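Asks: Coordinates for the following, if possible.
(2 chains)
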Amino acid sequence: DTGVSQDPRHKITKRGQNVTFRCDPISEHNRLYWYRQTLGQGPEFLTYFQNEAQLEKSRLLSDRFSAERPKGSFSTLEIQRTEQGDSAMYLCASSRGTSDEQFFGPGTRLTVL
Amino acid sequence: DAKTTQPTSMDCAEGRAANLPCNHSTISGNEYVYWYRQIHSQGPQYIIHGLKNNETNEMASLIITEDRKSSTLILPHATLRDTAVYYCIVRNAGGTSYGKLTFGQGTILTVHP
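Replies: Just a heads-up that it's a prediction; the model follows:
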């Protein structure tokens, strides 16, 4: 257990539905990252927060994706109108500083039918 | 961030040292070498990082060549629990990258009894 938690661990949804994932980082970490990992590939960066400010978004983050970190603590990642190609493991990580090690949560595995 | 090249897979006998190579020939002077690993169905786990000098911690040793174009991660006494995908990542700790990690395919290390 790294101290980073994610909920839910697994989510099965039908194409076209909206889904929301939650990440609770280590409490003193003000940096928070979201990554996506498809089968057989390494994780790919999606977006980054420093406190409540979203400072960087990958081109992978289409308009259907939105992430928030309203009070600089937990974060949510929402996917609207899910597509089968969204099926993946969604990983959250947090760190104290940008050069510090990132602690990853266990991930949320999304399956879109 | 500079690109890295790693072997797709490696085997190691339990109790022996596992030496995982990584090439990063385009690394720049302010880029660090990080190693993470990912055990099946878990989030990535930080192992070690370094800039120029060799580094050692309780998990592993990192040997970086003098020209910094390659490095080797050493697990001194591999156990079955070290079976995982090992990622070598070159990372600019500051600037506009905000510390995001760029994962490649990694090396699948299998430790045999």
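
Asks: tell me the contacts of residue 34?
Replies: Unless you meant another one, I'm taking chain A. By CB atoms under 8 Å, 6 or more residues apart in numbering or on different chains, A:W34 lies in contact with A:C23, A:F45, A:L46, A:T47, A:Y48, A:A67, A:S75, A:L77, A:Y90, A:L91, A:C92. C-beta: built from backbone N, CA, C; applies to glycine.

Asks: not quite, I wanted chain B
Replies: For B:Y34, counting by CB under 8 Å, 6+ apart, the contacting residues are A:E101, B:Y46, B:I48, B:H49, B:C88, B:I89, B:V90, B:R91, B:L101.

Asks: let's see it at 10 Å
Replies: B:Y34 is in contact with A:99, A:101-102, B:4, B:46-50, B:62, B:87-91, B:93, B:101, counting by CB atoms under 10 Å, 6 or more residues apart in numbering or on different chains.

Asks: For these, which PyMOL command selects only the ones that are buried?
Replies: Provided next is the PyMOL selection string for whichever of those are buried by 16 or more other CB atoms under 10 Å in any protein chain shown:
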select buried, (chain A and resi 101+102) or (chain B and resi 4+46+47+48+49+50+62+87+88+89+90+91+93+101)
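
Asks: among the contacts of B:Y34, which are in strands?
Replies: Members of the contacts of B:Y34 lying in strands (criterion: DSSP state E): B:Y46, B:I47, B:I48, B:H49, B:G50, B:L62, B:Y87, B:C88, B:I89, B:V90, B:R91.

Asks: Just name the lowest-scoring one in those, pLDDT-wise.
Replies: Lowest pLDDT among the ones in strands among the contacts of B:Y34: B:R91, with 85.

Asks: quick one: that one and B:G50, what's the gap?
Replies: 11 Å (CB to CB, to the nearest Å).

Asks: Secondary structure of B:R81: a helix, I assume?
Replies: Yes - under DSSP: H, G, I helix; E, B strand; the rest coil, B:R81 falls within a helix.

Asks: Would you check that it makes contact with B:M59?
Replies: No - applying CB atoms under 10 Å, one finds B:R81 not in contact with B:M59, separated by 11.4 Å.

Asks: hang on, the earlier thing: what residues are shared contacts of B:R91 and B:G50?
Replies: Shared contacts of B:R91 and B:G50 (CB under 10 Å, 6+ apart): B:Y32, B:V33, B:Y34.
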